[in-house]
Each structure stands twice: as C-alpha cells, then as structure tokens.
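Chemist: No letters, just coordinates:
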C-alpha cells in the first residue's frame, strides 16, 4: 500500500486507541514487485501482438483451397472474375470473402423409389433424384433411370456462381436432363423403347450436351450420360414379353425347318455323290473293257497282218511233223485233217476208250 495511506491508518489507529482503548493494528506495506519499470518499453509491442493474434483468430483473413476446388473471392459483394487456384490465400476480413466450390466430377442418379438403397452422401459428390417420368408417343407413362456425370468449369466458376448462385446444379443440370429425356422419349411408343434403346441413349446424350453447351460462359463440363433402365407400364411389359416369346418360338421353328432342309439337302447330296461314284466306277470298268478289247483287236489285227501264206504253210508243216512223230509212238491214233490247213489238224488216241467214244460222238 502507499506510504501516505499507511500513515493515515496509523494515525487513526493511534487516536482511536487513546480514546477507545482498542488494540492498535499496524499495517505494513506488502512487497509487490514493480513490473512497470521493466516492461514499459516493450508493453506496446506486446499489446499489439496480442491484438493481432486476437484479430487473426476471430477474423481469419486467410483460406486454404484444396485440390479439386477453386476459390471465389468477393469484395463488397462483387465477385472477382479470376478464381483462386489451390493453395494458401489472404484476404481482407469484413471487406472480402472467399468461398470454395467443388470442381471434381459429380454425379446425379435419377432412379425409381424402389431402386433407392442408400441416401445421398454429403460431400461424396453423388446425389440421388426421383426417376424421370415421361410419356411415350401415345401418352402412356414411362420412367427412365439415368446417371449424369459432370463437373463445374473451374475457369468460369465465378461467372457461373454470379449468374446461377451456389445451387447452380439444380438450375442447370436437372432441368436440361429432364427436358431432353421427355423430348426424346416422346417420339417413340412404349413397345419401341427397349428395341431402340441404343438410339435413344445416343439421342439423350447428344441433346443434353447440346443444351448445356448453349449456356453462356460454358458453366458445366459434361462427362457422361448413361441410360440405365427403361421402366414400362406392367401391361405393356407383359405384352412385350408375349411378343418376345412368340418371336423366339417362331425363330425356333424357323431354325428347325432350316435344320430339316439342311439335313435333306445333305442326304440328297450324299445320294447324288454315291450315284455319281457308282456311275464313275461303272464307266471306269466299261472304259477298261473297251480299252482291253481295243488292245486285243489291235493285237489280233497286227497278228493277222503278220500272217502270210508262206508262214501258214510253214506252221502246217511243223504241225504235220508233230503228228508224224506222234504216230511213231501211237499208230492207232486217228488224225483229222482240215482242208486248206487254216486250222491245225486234230488227232485222237483210239486206245483210250473214253476218248474214242467222245471222238465217235
């Protein structure tokens, strides 16, 4: 306590003790260290640092933008046309504001209520919406399950947010997809949709891309459009199934008839081949006989041409000589001579009874 204050209490206590005979309380000055002298020249800097730390904690004048994101900075409510790329950025608190937007590929699944097996996952970039209900060319209700993958164009993100707001997906993607699907599907009957599935999927993809590309500043980059399922009314589905069964039966009958025709043609071809083989074999044998006959005739003609009168007489003499030699050993033999000597003489041994009888007959 200050010295003058202690003196005051001491005097007062002494006066009171003399008058009231009360005990005397002597207050002593506590030993309090004097810090003001040591920190006097640094106190301003310390207070300034404390103030800066408080401002940084409360105002947070910086932002960290991750990969797959861009930052949109606004100054007094006006968006900066140049997006902030991933990294560390400072801004002026209370005057400027930075908001990050996702530029990774996102996905919307348009699916029927029966097909929903999980809720939307916040931050996953996957959103589930009701299936797209459309009318075919006759006014019958049809549902289309479609998946659309897209991403925000990072270069034009500030212009897109300024024009459409942060709920730009529901204003750009969803209306375009539903409108294109209705326009394309309305050109076909419900029965034609399954048969023309590929054509319809290509037309939907082309239509969505065309409509999104027409938007100013190209706000969205479309990755893919997939037609997952066409949900038909139960009666139409049953009718299509009956038609498919009838077609399959007709195809099966046609296949069996074609198979029977092929078997008949195969058998006919085999029979024809066998007949041709027999014919060829017979013709071969006939040709062989003819060739042999021609050869024999040619041989005979050559032999006949080689036979002269002198040769025949010589042969006759040689034959006669053979008979003469035979008569020397068998005098009972009978000899038949042919006139002119054209045919060899025939002799018969009459000692042989069987030959004799044969000769007599």
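Modeler: It's in. Small disclaimer: the values here were computed from a predicted structure and weren't measured.
Chemist: For the protein, give me the ranges with low pLDDT.
Modeler: The chain contains residues with pLDDT under 70 at 1-42, 56-57, 59, 113-123, 307, 311-312, 327, 330-361.
Chemist: can you count the residues close to residue 296?
Modeler: Residues contacting residue 296 under the criterion other Cβ atoms under 10 Å number 10. For every residue, glycine as well, the C-beta is placed using N, CA and C.
Chemist: Could you report the distance from it to residue 155?
Modeler: According to Cβ to Cβ, to the nearest Å, residue 296 and residue 155 sit 106 Å apart.
Chemist: swap in residue 93?
Modeler: Distance from residue 93 to residue 155, by Cβ to Cβ: 27 Å.
Chemist: could you pull out the helices for the stretch 51-200 of the chain?
Modeler: 157-164, 168-185, 192-195, 197-213 (DSSP state H, counting those that start in this stretch).
Chemist: most tightly surrounded among these?
Modeler: helix 157-164 (a mean of 20; mean count of other Cβ atoms under 10 Å).
Chemist: Pull the residues that contact it.
Modeler: 70, 72, 79-83, 101, 103, 152-153, 168, 171-172, 216-217, 219-220 (Cβ atoms under 8 Å, 6 or more residues apart in numbering).
Chemist: Could you tell me which of those are located in strands?
Modeler: When these are checked against strands (DSSP state E), the matches are 70, 72, 79, 101, 152, 220.
Chemist: Can you select the buried ones from these in PyMOL?
Modeler: Buried members of the ones in strands among the contacts of helix 157-164, defined by 16 or more other Cβ atoms under 10 Å, are picked up in PyMOL with:
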select buried, resi 70+72+79+101+152+220
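Chemist: Throw the helices of the stretch 51-200 of the chain into a markdown table and include distance to residue 62, thanks.
Modeler: Formatted as a markdown table, the helices of the stretch 51-200 of the chain follow (distance: least, Cβ to Cβ, whole Å):
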| stretch | distance to residue 62 |
| --- | --- |
| helix 157-164 | 19 |
| helix 168-185 | 26 |
| helix 192-195 | 55 |
| helix 197-213 | 35 |
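Chemist: do you know which of the ones you listed lies nearest residue 257?
Modeler: helix 192-195 (25.2 Å; Cβ to Cβ).
Chemist: chain center to that closest one, what's the gap?
Modeler: With Cα atoms, centre = their mean, to the nearest Å as the basis, helix 192-195 stands 20 Å off its chain's centre.
Chemist: now stretch 308-317
Modeler: 101 Å.
Chemist: Please apply the same query to stretch 60-69.
Modeler: Mean C-alpha position of stretch 60-69 versus that of the full chain (Cα atoms, centre = their mean) differs by 40 Å.
Chemist: Which positions in it come out as buried?
Modeler: 61, 63, 65, 69.
Chemist: Not counting it itself, show me its contacts.
Modeler: Stretch 60-69 has contacts (Cβ under 8 Å, 6+ apart) with 55, 71, 84-93, 98, 100-104.
Chemist: ok so, going back, for residue 50, find the nearest of the helices of the stretch 51-200 of the chain.
Modeler: helix 157-164 (36.7 Å).
Chemist: Tell me how far residue 278 lies from residue 284.
Modeler: On the measure of Cβ to Cβ, residue 278 and residue 284 end up 10 Å apart.
Chemist: ditto for residue 233
Modeler: Applying Cβ to Cβ to residue 233 and residue 284 gives a distance of 74 Å.
Chemist: Tell me how many other residues surround residue 221.
Modeler: A count of nearby residues for residue 221, using other Cβ under 10 Å, gives 16.
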